[in-house]
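Participant: Turn this into a structure:
(chains A and B)
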Amino acid sequence: MSFSPRFSALKGLQDILPADSSLWQKVETAAKEVFSRYGFQEIRLPIIESTALFTRSIGETTDIVEKEMYTFPDKAGRSITLRPEGTASVVRAYVEHHLHTLPSPQKFFYSGPMFRYERPQKGRFRQFHQIGVEAFGAASPFLDAELIAMLKVLLERLGLKGVNFEVNSIGCEKCRPAYRQALQDFFAGRLEDLCPDCKRRFEQNPLRILDCKVERCIEARRGAPRVTDFLCAECKSHFEEVLSAITLLNIPYVINPDMVRGLDYYTRTTFEVTSERLGSQKALAAGGRYDRLVEEFGGPPTTGIGFAIGMERLTALLRENEVAAGAFPDVYIAPIGEKATIKGFLIAERLRTKGLWVEAGYDSSSLRSQLRKADRLSSRYVLILGDDELSSGRVKWKNLVDGSQGEVEIRGIEEFFVAALRGR
RNA sequence: GUGGCUAUGGUGUAAUGGCAGCACAAGAGACUGUGGCUCUCUUUGUACGGGUUCAAAUCCCGUUAGCCACCCCA
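Facilitator: The predicted model follows:
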């Protein structure tokens, strides 16, 4: 006796089965169509990059880099990492291929798997999928507004309701130091009220304290200085223009001054789309500006902005409104006898050239059991093919939906079904 | 990384420490030229490893996995 191991997908990784893949395709198709109206074109990138690419862009002290990356040595001992997000690779490609020499702004979208080694829970997986967009070389607040609008158009087109748009500005390298200092001054007298994590954040990244969900930290930050009060003149007017542009587009939003990004590269505008129906991991899509990143990677000073949508979270929401739309064959061919099986095999092939979904019985079992099989598959039509039909050259068809039936010449069979199934 | 809850056929569930059962699903047949109904039969299970006990699905320990939350984020 042999022992058969039972394999299962790795923790936090999941299979997308046919019952779900149609919904994923629907999202991908809609995204591609909407993005193209705004001039975004697809870019396809490797899912492995050198580790340094991510530590440099996302930030050495972020949680993603510190504890969540899938990092391995390759056979030559180089440190490589499964991408935890998409922006770093797009920026790398932009710089590597000198895309700044093409007319600005350059706009890209991508989709695919991302990897973070986290404890799985609702809406959070170790391999998850994002559809993201990035635009380079336009600093105008209208671009920020355009991206937010594009995201809204896509979500509406998918029939998603009840989502909230949150926006914020976290300033630039000029105004952030002053704000950081103000926060440290504010929390210096309240260190004892903070949770251990926030005590550490106080030194490393005081902005993160604003994000903490521990009750006492929420209490302790009451009255803390707001980032929007510390923006420099340029950042302030940029933010105001973004807000007035999305107001012109009638996009309802709330300013969330506590929205601080977990990735270090963000500057100025940040935004997020959330849904209360998602549970604890309620961010459905998020993005922002990163005006320094291209330069950081050795390119010319070039502004950038983008967002990413979490596919698992989006499809989870869409699944709620989805009617279980199954997929059904157009025609089931029920042969009786060996000769009929061969004939049916050939007829199936002819009908498929007309774009029909045809299933053919392979083993000429009883007509009754073949009809039951066709019924099981929810086929619209059955074609009955026996000795009588073969000799007369006419076959019987039956509509399984309304029970009607009749006969048709074998040689005219394509035309018959194309007409019968028009508008299916 | 931390915590809580959970684990019985494909799915949903039952079994005082004492014969692992039911429903649905799936497959075949009753029914050799007309499906859906009905009936019959069949397949498939106590996550894994220890321990306690005459006896463990049941109690204990460990592991693994899942879910949810923290953390963090899409």
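Participant: alpha carbons only for contacts and neighbour counts from here, please
Facilitator: OK.
Participant: Flag every residue of the stretch 201-350 of chain A that's near RNA strand B.
Facilitator: Counting by CA under 7 Å from any atom of the strand, the residues of the stretch 201-350 of chain A lying close to RNA strand B are A:208, A:211-214, A:261-263, A:272, A:279-287, A:308-313, A:336.
Participant: A:Val65 - how many residues pack around it?
Facilitator: When neighbours are defined as other CA atoms under 10 Å, A:Val65 has 21 of them.
Participant: Okay, and the nearest residue to it once chain neighbours are set aside sits in which element?
Facilitator: Nearest non-adjacent residue to A:Val65, counting by CA to CA, 6 or more residues apart in numbering: A:Thr55, 6.0 Å away. Counting by DSSP states H and E, the element that carries A:Thr55 is helix A:51-58.
Participant: Check which helices and strands that helix is in contact with.
Facilitator: When contacts are defined as 3 or more CA pairs under 8 Å, 6 or more residues apart in numbering; DSSP states H and E, helix A:51-58 sits against strand A:79-82, helix A:87-96.
Participant: which one of those lies closest to RNA strand B?
Facilitator: Counting by CA to the nearest atom of the strand, RNA strand B lies closest to helix A:87-96 out of these; the figure is 9.2 Å.
Participant: relative orientation of the closest one and helix A:51-58 in degrees?
Facilitator: Counting by axes from the mean of the first three to the mean of the last three CA atoms, to 10 degrees, helix A:87-96 lies at 100 degrees to helix A:51-58.
Participant: Output helix A:87-96 as CSV, nothing but the C-alphas.
Facilitator: C-alpha atoms of helix A:87-96 as CSV (Å, rounded to 0.1, in the frame of the first residue of the first chain):
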residue,chain,number,x,y,z
THR,A,87,4.8,50.9,-6.5
ALA,A,88,8.5,50.2,-6.0
SER,A,89,8.7,48.0,-9.1
VAL,A,90,6.9,50.5,-11.2
VAL,A,91,9.3,53.3,-10.1
ARG,A,92,12.3,51.0,-10.7
ALA,A,93,11.1,50.2,-14.3
TYR,A,94,10.4,53.9,-14.9
VAL,A,95,13.9,54.9,-14.0
GLU,A,96,15.6,51.8,-15.5
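Participant: A:Arg222 is in contact with A:Arg190, correct?
Facilitator: No: counting by CA atoms under 8 Å, A:Arg190 stays clear of A:Arg222, with 11.0 Å between them.
Participant: So between those two, which is more surrounded?
Facilitator: The neighbour comparison of A:Arg190 against A:Arg222 (other CA under 10 Å) goes to A:Arg190, with 14 against 9.
Participant: Can you give me the distance of the residue nearest to that one when sequence neighbours are not counted to RNA strand B?
Facilitator: Spatial nearest neighbour of A:Arg190, excluding adjacent residues (CA to CA, 6+ apart): A:Ala220 at 6.9 Å. A:Ala220 sits 14 Å away from RNA strand B, going by CA to the nearest atom of the strand, to the nearest Å.
Participant: Spit out the contact partners of A:Ala220.
Facilitator: A:Ala220 sits next to A:190, A:193-194 when contact means CA atoms under 8 Å, 6 or more residues apart in numbering.
Participant: ok so, going back, among the residues of the stretch 201-350 of chain A next to RNA strand B, which lie within helices?
Facilitator: A:311-313 (DSSP state H).
Participant: circling back to that earlier point, can you tell me if the helix holding A:Thr55 touches RNA strand B.
Facilitator: No: using CA under 7 Å from any atom of the strand, helix A:51-58 never reaches RNA strand B; the gap is at least 9.1 Å.
Participant: same question, stretch A:370-377
Facilitator: Yes: against RNA strand B, stretch A:370-377 shows contacts by CA under 7 Å from any atom of the strand at A:371-373, A:375-376.
Participant: who wins for most neighbours among these?
Facilitator: Neighbour max across the residues of stretch A:370-377 next to RNA strand B (other CA under 10 Å) = A:Leu371, 20 neighbours.
Participant: thought that residue was touching A:Ala334?
Facilitator: Yes: between A:Leu371 and A:Ala334 there is a contact under CA under 8 Å: 7.4 Å.
Participant: between those two, what contacts are shared?
Facilitator: Listed contacts common to A:Leu371 and A:Ala334 are A:Val382; contacts here mean CA under 8 Å, 6+ apart.
Participant: hang on, the earlier thing: so can I have TSV of the ones in helices among the residues of the stretch 201-350 of chain A next to RNA strand B showing pLDDT?
Facilitator: Converted to TSV, those look like this (pLDDT from 0 to 100):
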residue	pLDDT
A:Met311	96
A:Glu312	94
A:Arg313	94
